[in-house]
Each structure stands twice: as structure tokens, then as C-alpha cells.
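Enquirer: what follows is a protein structure lacking sequence information:
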């Protein structure tokens, strides 16, 4: 086979190339290693330029496609095949164009160095030219997948994003799930991979359809779609507002009420959390969509990963909410699950919950004004649900920021309860005895608190 590949006879070359291609169908690395050791990759690369023999070009591209799908992708990228494959994207033969697209997609799929080689040889523009109205579905699937692979990671400054997004914003309306999923992944990658990527995606008009996709029945579509939306929700206020205006909160409320994988529900909670960090109008929109009630339910019943994301959302809403909004949160039962979060080994989350509790308690002080009772109703409820004990435990946390906020809350709302329960304070019977002064160290905290491509 090796001798035939290196012969000058075209028929022998084609026969040997077909035999190599069939050998690679077993998808075993051992076969790939034998072929690589035979030092025939440069020969297959040469065959890509044999325009007078399109069948030989096709078979050589097929061999390189399969080797690029193995653990030896870099060898294909470095054997001189990439510029020739890029040139084949302009072939008059549709099958050769398809095979070249597949090969380049495999080369770009895994290793960043290989992806950079493909991008450096100007592959994006000829790849975009493949998207035609008369494309067959299998060819369109391969082209969308390859384009998604090229979008993964940081795109070079010379790559124009707008033409990519013009194509992808149409592909997210496809009825084919494979095309739809890869198109959504491409949008997700663009959000992170270029400067102002989020704004580019919004300018392409992708947001309304992405929100609509939250009602898709397949988790394979939901995951990339909701991840794009999560990226957008991490943007500035005007970008987040686009999501609110497209009614995303009502869609998320319905999504969270259904049985979906944890990864999808976590992203949904993250989006709501990001929206709740905005204006009181955004918090009200979340309340009106009844998504807050769902979050509180998840905070009480879900596994920890989802509880954490739901806690962030509720904490953010509590931190920025008005008195009426705080009253709604409390009426829906947010206090007890928020207090339970104070035991989590996540300093940032604990502090966010403390800020939420602080805002709730401040709202309780405002609410009691003009009433006969001088007690803060929210402070009383936190006491009754065991939240005060958890706050007192946080005095031992080795985090100065948390410690100071905890002491502010304890001294501001439960000073009497804390003083009465403190075993270190003298009673009326030991007033004549000497009480040892606690060292400075004893008052300090002592215990620590602990964001996919496939290969075809």
C-alpha cells in the first residue's frame, strides 16, 4: 500500500488511498499510528492538489478527515493539508467541498493550535460561501458544525464577525436539531470570543429566537440556547434589558417548572440572578412573572448546585428590592431558606445572603414605623426559624468582611437576645468576682469559609 501511494501511477495511488481510508474506518488509534509511521501524510496532502483527478482528491481528503478525528490532529494540521483543504472549499465538485469542510471541522475541533492554523489560512470566508439555499441537510449540518468549531475560543481580530452572525442568526430557525444546536453553540462562543461579542449577537437580532427556544422540547437545544442567554445576561444594563423586553422571565418561569437536567436549571437561575441585580423594575418583572416563587421553591427542595444559583437570585432581589418587593419575598417564604444558605462554604454567596437579609431587616424597620409594636417582624421571624443561631456561628468565620456585616446585624437587630444568651457575661450573683478579660485573639474569627464540540 505504501509503495502504491508513492508510485507515479494514478490508478495505484487511488487504489492505495481507498485501502488506507477503509483501514481507518475501524477508528482504532493503533491503525492511525501505523499509517503515521508509514510517513504517508505528506503524500495524501499532495493528492489534495490533483485537480485533474477529483476522485483522488476526495479519497485523500477522506483519509485526512479520519486521521484528524484521532489523537493525532496536529500532524494533519502541520503536514501542509490545511491551505489545500481551504482551497478545496471552492471546488466545483459538491462532494469534495463537503469532505474538505468535514476535514477542516475535525482539525479545528479540539486543539487550539490546530484551530489557529485553520483560521490563519483564511478558512472563514470560503466556509461561509458553502451556505447556500440548495444545500442538502447533511451538508448543512457539517458546515454548521465546522463553523461552530471555528468560533470556539478567541477569534483573530481580522476575522469579521458580522458575516458569521448573519448566517448563524438564520440557522437558529432551523427545524433540524443538529443544525440548531451547533448554531446556538456558535453564538455562545462568539459572545466570549470577540470584543463586544454580546452586542454583536444582539445586533444580529438573535435574541427573540433564542428566548423562543427556551420552550424547545430537546435538552440538546435548550442547553446551548440558555447558555447564550446567560452570556447576554452577564452584559451591561442595556443588554440585560433586551432580555427582559423579550419576556425571558415568563419563559424561564415555565422552564423551571418542568423536569430538565441540572445544567439547564442552573443557567436559568443564573440569568434570573443577573436580571435581579439590576433595577427595581427588573425585580418587579421577576415578581410579576412569578419566577421568584419558583426560585424559593427550588431553594427549599432542589439539590445543592441548583440551591446555590437560586440563592444568588433571591439574595440579589432582596438586596435591591423596595419595601413592597421585600414584603412579597418574605410572604413567599424566602427567609428560612436564605438563612440556611448561611451554612454554605462559599464566602461570596454567604455575603450576598447577608446583604439580602440586611435589606430585608431594614425594610422591617421601615414597616414598623407608626405601629404600636417596636419589634422588627422580620427579625423575629429570623429568630424563630433558627437564623439567629446561624448568624452567631458566623462570628467564628475567618473572613473580615463577613464578620463585620454579621456583627452589624447582630448588634442592630438582636442585641438584647445576644447579650442575654452570652455565657461569657457576668450574672448578678458573680458581680463581686473577677471576670477574666478575653484576649484580642479570642474575639477574632478562627474558622475558614471555604462558566463542547463533537468530532464527526
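Expert: Alright, I've got the coordinates. It should be emphasised that the depicted structure is a prediction, and the values quoted were computed from it without experimental measurement. Numbers count the residues shown, from 1 in each chain.
Enquirer: now stretch 403-419: mean pLDDT?
Expert: Averaging pLDDT along stretch 403-419 gives 83.
Enquirer: so what touches that stretch?
Expert: 351, 354-355, 357-358, 361, 376, 379, 383, 388, 391-392, 394-395, 397, 425, 445 (C-beta atoms under 8 Å, 6 or more residues apart in numbering). Where you see a C-beta, it was placed from the backbone N, CA and C, and this is true even at glycine.
Enquirer: how about that stretch: buried residues?
Expert: 403, 405-406, 409-410, 413-414, 418 (16 or more other C-beta atoms under 10 Å).
Enquirer: for those, which one is nearest residue 105?
Expert: residue 405 (51.4 Å; C-beta to C-beta).
Enquirer: one step back: looking at the contacts of stretch 403-419, which are in helices?
Expert: Residues of the contacts of stretch 403-419 located in helices (DSSP state H): 351, 354-355, 357-358, 361, 379, 383, 388, 391-392.
Enquirer: now residue 205: how far from residue 96?
Expert: 34 Å (C-beta to C-beta, to the nearest Å).
Enquirer: neighbour count for these two, which is higher?
Expert: Counted by other C-beta atoms under 10 Å, residue 205 and residue 96 do not tie: residue 96 has more neighbours, with 22 against 11.
Enquirer: surely the more buried one meets residue 57?
Expert: Yes - here residue 96 reaches residue 57: they are 5.7 Å apart, a contact under C-beta atoms under 8 Å.
Enquirer: list residues touching both of the two?
Expert: residue 88.
Enquirer: ok, now which ones touch the nearest residue to residue 303 once chain neighbours are set aside?
Expert: The spatial neighbour of residue 303 that comes closest, neighbours along the chain excluded (C-beta to C-beta, 6 or more residues apart in numbering), is residue 262 at 6.9 Å. Applying C-beta under 8 Å, 6+ apart to residue 262 gives the contacts 303, 305-306.
Enquirer: just the buried ones out of those, please.
Expert: Applying 16+ other C-beta under 10 Å to these flags residue 306 as buried.
Enquirer: name the nearest of the contacts of residue 262 relative to residue 25.
Expert: residue 305 (40.7 Å).
Enquirer: hmm, the closest one is touching residue 264, no?
Expert: No - counting by C-beta under 8 Å, residue 305 sits too far from residue 264 to count as a contact (11.8 Å).
Enquirer: among the buried residues of stretch 403-419, find me the one that's closest to residue 146.
Expert: residue 405 (51.2 Å).
Enquirer: distance of the closest one relative to residue 394?
Expert: For residue 405, the distance to residue 394 - C-beta to C-beta - is 9 Å.
Enquirer: same check, this time on residue 182
Expert: 47 Å.
Enquirer: looking at the two, which is more packed in?
Expert: Set residue 182 next to residue 394 and count neighbours by other C-beta under 10 Å: residue 182 wins out with 28 against 22.
Enquirer: ok so the more buried one is a helix residue?
Expert: Yes - judged by DSSP: H, G, I helix; E, B strand; the rest coil, residue 182 forms part of a helix.
Enquirer: quick one: it and residue 144, what's the gap?
Expert: 5 Å.
Enquirer: overlap in contacts, the two.
Expert: residue 171.
Enquirer: not counting its neighbours along the chain, what's nearest residue 233?
Expert: Nearest to residue 233 is residue 274, by C-beta to C-beta, 6+ apart, at 3.9 Å.
Enquirer: burial of that neighbour, as a residue count?
Expert: 21.
Enquirer: where does the stretch 351-456 of the chain have low pLDDT?
Expert: Low-confidence segments of the stretch 351-456 of the chain (pLDDT under 70): 367-373, 416-456.
Enquirer: let's see it at 80
Expert: Counting by pLDDT under 80, the stretch 351-456 of the chain has low-confidence residues at 367-374, 415-456.
Enquirer: and what of the chain?
Expert: For the chain, the ranges with pLDDT under 80 are 26-30, 110, 367-374, 415-456.
Enquirer: now do the strands in it.
Expert: For the chain, strands defined by DSSP state E do not occur.
Enquirer: relative to residue 47, how far out is the residue nearest to residue 303?
Expert: 48 Å.
Enquirer: residues contacting the residue nearest to residue 1 when sequence neighbours are not counted?
Expert: Leaving aside its sequence neighbours, residue 1 sits nearest to residue 16 (C-beta to C-beta, 6+ apart; 4.7 Å). Going by C-beta under 8 Å, 6+ apart, residue 16 touches 1-2, 4-5.
Enquirer: I am finished for the moment; much appreciated.
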